[in-house]
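Peer 1: I'd like to go over a predicted model; first the sequence, then the structure.
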Amino acid sequence: ALRDVPGIMVQKTAHGHGSPYIRGFTSFRTLFLIDGIRLNNSVFRPGPNQYWNTVDSLSLARIEVVKGPSSVLYGSDAIGGTVSAVTKSPLSRGAVTPGLAWSASTLLRYSTAENSVVGRGEVRGLWGHESGAATGLLIGGNLKRFGDLEGGQNIGTQPMTGYDENNLDIKLQHRFDEHTTLSLLHQRVAQDNVPRTHRTVFAKPFRGSSVGSDQRRSFDQNRELTYAQLQSVDLDGPIHAMQANLSWQRQTEVRDRIRGNGNQEFTGFEVDTIGAFLQLETHATPVGDLRYGVEWYRDEVDSFFRRVQSPRAADAIQGPVADDATYDLLAVYVEDRFEPIEHAEVRLGARYQYAAADANSVRDPDTDQRIGLEDSWDAIVLSG
């Protein structure tokens with residue numbers, strides 16, 4: 001979806017690890033939104049990673065890209081750019097005929113180069129009310145089976161590059177009138193044994209690259225998102241548009257690694273994120289069109305590390321990130337848009353953001369003892 005967009009390069013460390021570079025930035029320096037909800041959280045590591053690949057593209061209606069900084073509206077991690085994914089809707093545009101209507105669709109895709117079979121089924125139901133209101137339900141599910149990749153020329157079959165994935169998405173929407181819609185969504189993505197082949201002995205060298213030493217390095221990746229969202233547009237009065245959201249998201253990762261000497265390690269984390277935001281728009285004020293709002297996210301992080309052979313006492317302190325930790329983000333912002341002359345638009349904005357980290361179980365790198373860390377930061381960003 002992104003690799004042919006000018007200004008974006010998609011780096012694929014492995015078959016299931018896609019990380020787009022937007023104007024030279026990737027990882028937590030670019031922002032991914034799902035119906036306005038942040039995918040990014042406090043454990044995203046720098047450099048190319050796999051987290052954007054936990055969004056099922058077959059559940060999306062469209063993807064919107066904003067290249068360049070968007071710090072006022074979205075925060076300091078939207079440096080390279082922001083990608084907004086909009087999920088499919090069971091509601092049709094325009095007037096709805098009273099009564100019940102439903103439809104079903106299937107998709108099947110087979111690819112020889114990646115030895116993959118991808119199947120999706122969808123069921124949509126739409127109930128039109130006599131009052132003009134409408135209620136819609138969409139249920140979709142995917143099965144994805146990726147085999148070993150087939151490379152060209154001297155590469156041939158690349159062993160240990162495939163993985164399996166299962167997805168489910170449910171969306172219930174009620175449109176009260178032409179202005180206001182309530183949406184309830186739940187989606188789940190589960191990926192099993194996604195390999196990072198280049199770090200293993202199964203890698204195939206090319207153009208001077210080296211083969212890894214690990215006998216296995218694979219990831220189980222899961223993500224769940226549930227939200228309730230109320231959206232209103234084209235309103236009369238001082239508020240012309242409104243979007244309010246309450247969400248819960250869980251991201252988990254488990255890495256299974258067998259080193260070259262045969263020692264096996266399991267490491268991973270689980271992040272539960274509660275989020276809420278309110279965004280409002282007021283048009284045609286004396287200073288222009290205003291967009292303003294407030295947002296809050298709280299991560300609760302658990303991580304682990306388990307060494308199968310010769311475990312150590314310090315292993316229980318934390319995994320790849322701090323254990324028994326929380327991370328809070330709170331922001332308020334306002335953006336003003338106006339046209340000083342015809343065909344020229346000026347945007348001015350300000351954002352205040354507060355962040356706080358509280359980690360109760362951290363391994364001191366010098367003493368291997370358990371310590372705690374706590375800190376907070378805040379900043380004001382101006383943009384024009």
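Peer 2: Happy to help now that I have it. All values derive from a computational prediction rather than experimental measurement.

Peer 1: and the spatially closest residue to residue 98 that is not a sequence neighbour, how close does it get to residue 73?
Peer 2: Excluding its sequence neighbours, the residue lying closest to residue 98 (CB to CB, 6 or more residues apart in numbering) is residue 128, at 4.5 Å. For glycine as for every other residue, the C-beta is placed from the backbone atoms N, C-alpha and C. Residue 128 sits 35 Å away from residue 73, going by CB to CB, to the nearest Å.

Peer 1: quick one: which of those two has more around it?
Peer 2: Neighbours of residue 128 and residue 73, each counted by other CB atoms under 10 Å, are more numerous for residue 73; the result is 22 against 19.

Peer 1: check the secondary structure at that one for me.
Peer 2: When classified by DSSP: H, G, I helix; E, B strand; the rest coil, residue 73 comes out as helix.

Peer 1: quick check, pLDDT for it.
Peer 2: Listed pLDDT for residue 73 reads 90.

Peer 1: ok, longest strand in this structure?
Peer 2: Assignment by DSSP state E gives strand 264-285 as the longest strand of the chain.

Peer 1: what is that one packed up against?
Peer 2: Counting contacts by 3 or more CB pairs under 8 Å, 6 or more residues apart in numbering; DSSP states H and E, strand 264-285 is packed against strand 37-38, strand 241-258, strand 288-307.

Peer 1: can you give me the mean pLDDT across the shortest one?
Peer 2: Right, the one you point to is strand 37-38. 96.

Peer 1: now the element after it, going C-ward?
Peer 2: strand 60-67 (DSSP states H and E).

Peer 1: got the buried residues for that following strand?
Peer 2: By neighbour count on 16 or more other CB atoms under 10 Å, the buried set for strand 60-67 is 60, 65-67.

Peer 1: contacting residues around stretch 334-349?
Peer 2: The contact list for stretch 334-349 (CB atoms under 8 Å, 6 or more residues apart in numbering) reads 72-73, 287-292, 333, 350, 382-384.

Peer 1: out of those residues, flag the one nearest to residue 23.
Peer 2: Nearest to residue 23, judged by CB to CB, of the contacts of stretch 334-349 is residue 383 at 16.2 Å.

Peer 1: bridging residues for that closest one?
Peer 2: Residue 383 has the following beta-bridge partners by DSSP bridges: residue 349.

Peer 1: can you check the pLDDT for it?
Peer 2: For residue 383, the predicted pLDDT is 87.

Peer 1: now do the contacts for it.
Peer 2: For residue 383, the contact set (CB under 8 Å, 6+ apart) comprises 69, 71-72, 335, 347-351.

Peer 1: may I see those arranged in a markdown table, with neighbour count as well?
Peer 2: A markdown table is the format used below for those (neighbours: other CB atoms under 10 Å):
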| residue | neighbour count |
| --- | --- |
| 69 | 17 |
| 71 | 19 |
| 72 | 21 |
| 335 | 20 |
| 347 | 15 |
| 348 | 15 |
| 349 | 20 |
| 350 | 16 |
| 351 | 20 |
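
Peer 1: export those to JSON lines and tack on distance to residue 219?
Peer 2: Shown next, in JSON lines, are the contacts of residue 383 (distance: CB to CB, whole Å):
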{"residue": "69", "distance to residue 219": "31"}
{"residue": "71", "distance to residue 219": "31"}
{"residue": "72", "distance to residue 219": "35"}
{"residue": "335", "distance to residue 219": "38"}
{"residue": "347", "distance to residue 219": "40"}
{"residue": "348", "distance to residue 219": "43"}
{"residue": "349", "distance to residue 219": "38"}
{"residue": "350", "distance to residue 219": "40"}
{"residue": "351", "distance to residue 219": "34"}
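
Peer 1: closest to residue 304 among those?
Peer 2: residue 71 (34.1 Å).

Peer 1: spatially nearest residue to that closest one (excluding sequence neighbours)?
Peer 2: Leaving aside its sequence neighbours, residue 71 sits nearest to residue 381 (CB to CB, 6+ apart; 4.8 Å).

Peer 1: before we move on, what about residue 15?
Peer 2: residue 161 (5.0 Å).

Peer 1: that neighbour: neighbour count?
Peer 2: Neighbours of residue 161 using other CB under 10 Å come to 26.

Peer 1: just residue 362 next, same as before
Peer 2: 18.

Peer 1: now do residue 267
Peer 2: Close neighbours of residue 267, defined as other CB under 10 Å, add up to 19.

Peer 1: how about residue 254?
Peer 2: Applying other CB under 10 Å, I find that residue 254 has 17 neighbouring residues.

Peer 1: ok, it - contacts?
Peer 2: 219-220, 266-268.

Peer 1: for residue 117, same thing?
Peer 2: Residue 117 is in contact with 108-110, 143-145, counting by CB under 8 Å, 6+ apart.

Peer 1: which strands border whichever strand or helix holds it, and is each parallel or antiparallel?
Peer 2: Using DSSP H and E, the element containing residue 117 is strand 116-128. Sheet pairing here is set by DSSP bridges, and for strand 116-128 it gives strand 99-111 (antiparallel), strand 134-146 (antiparallel).

Peer 1: out of the ones you listed, which is closest to residue 47?
Peer 2: strand 134-146 (23.1 Å).
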